[in-house]
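Asks: Quick one: sequence and predicted model below, then my questions.
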Amino acid sequence: MKRFPYASYAFGPSHADGGGSGQAIYFEDNFETGDLSKWNGYGGAGSSYPTNINVAGTVTHGGAYACGFRYVQVFTGVPTGRDTNRWIYKVLAGKTEFYMRGYLYLVAPLTQGLGVQRKLMWCGDDDVAGGTYDCVVTLWETNAGSPSYCTFGALSQHDAGISTGLYQSSSQQVHWDTWHCVEIYFKMNTVNPSDLAPWDGILRTWLDGSEILYGPHVDPTQGYDNLHMNMNGMFSNPFSTFSIGRQTNSYQGEQIDEWRYWDDVKIASSYIGT
């Protein structure tokens, strides 16, 4: 498996390579147990194990097993928003700051270039429903035709879907039938029950060891909105639910039948890396 060197972009502070001696590991799973025994459960309407969420040796990153998610939508030909949800989740003691890394493999869909959105990681303050506020890592299949590719985005949102706060996008490409290392860092704003300030929460994203998104929350002019509800201590429930898989969103009434695989998932107190 090819490894990629870490590169720090000028817009964010750098990290040394991951796994330092002072690192606390909150959770990790390489799926070598052959099941989901390390997770609290799975979710999404119509989800079932092992029918459309399974641990198998079909596509793996480092060992004998990885976790696969199948997303299916029938053809309607009617342009409208639809989503298919598949995820597994882990509940931990609340975290106001964490790093989460996983290896992602997207099987090339039969029909490409249709503007499909694929949400990857979803971390929130509540149960499997997503919580009051969340941070989400997402992919957009941006170019028309085949072969297509995906580009990264990351957002903080309130009420499991209203994302008028922070959204970051990147031109960094994610290709089909290739393992990619995805890592996020999330830090909530400092708790201050009497005011929205200080604005010191951060959301960062790395792809294959290179930082591609850096979002410090430093703009107080937006006022009392979802960005600050998500990141600020006035709404100070720490993040306790961590999930991978999540959903596929389509908008053109197209048919979708695709698999997505995750492996070597880890949640820790410092940068993890490749």
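Replies: That came in fine, so what should we check first? Residues are numbered from 1 along each chain as shown.
Asks: Low-confidence ranges, the stretch 51-200 of the chain, go.
Replies: Residues of the stretch 51-200 of the chain meeting the criterion pLDDT under 70: 113, 126-135, 142-146, 155-168, 189-200.
Asks: For Leu104, grab the count of nearby residues.
Replies: Counted with other Cβ atoms under 10 Å, the burial measure for Leu104 works out to 23 neighbours. (C-beta placed from N, C-alpha, C; glycine too.)
Asks: what's the distance between it and Glu183?
Replies: 11 Å (Cβ to Cβ, to the nearest Å).
Asks: what residues are up against His61?
Replies: By Cβ atoms under 8 Å, 6 or more residues apart in numbering, the contact list for His61 reads Met1, Tyr103, Tyr105, Trp179, Asp263, Asp264.
Asks: Quick check: phi and psi on the closest residue in space to it that isn't next to it in sequence?
Replies: The spatial neighbour of His61 that comes closest, neighbours along the chain excluded (Cβ to Cβ, 6 or more residues apart in numbering), is Asp263 at 3.7 Å. Note on Asp263: its backbone torsions stand at phi -150, psi 160 [degrees, to the nearest 10].
Asks: hey, what's Asp263 bridged with?
Replies: Here Asp263 sits in beta bridges with Tyr103, going by DSSP bridges.
Asks: repeat for Phe242
Replies: Lys90, Cys123.
Asks: I figured it hits Glu28, correct?
Replies: No - between Phe242 and Glu28 there is no contact, the gap being 11.4 Å when judged by Cβ atoms under 8 Å.
Asks: more neighbours, the two?
Replies: Neighbour tally, Phe242 and Glu28, criterion other Cβ under 10 Å: the higher count belongs to Phe242, 23 against 14.
Asks: buried residues in stretch 82-98?
Replies: For stretch 82-98, burial by neighbour count (16 or more other Cβ atoms under 10 Å) applies to 82-91, 95-96, 98.
Asks: Identify the farthest-apart pair in the residues you listed.
Replies: With distances taken as Cβ to Cβ, the most widely separated pair in those is Arg82 and Thr96, at 34.6 Å.
Asks: Ala268 and Ile184: what is the separation?
Replies: Distance from Ala268 to Ile184, counting by Cβ to Cβ: 12 Å.
Asks: Now the common contact residues for the two.
Replies: Both Ala268 and Ile184 are in contact with Tyr99, Arg101, where contact means Cβ under 8 Å, 6+ apart.
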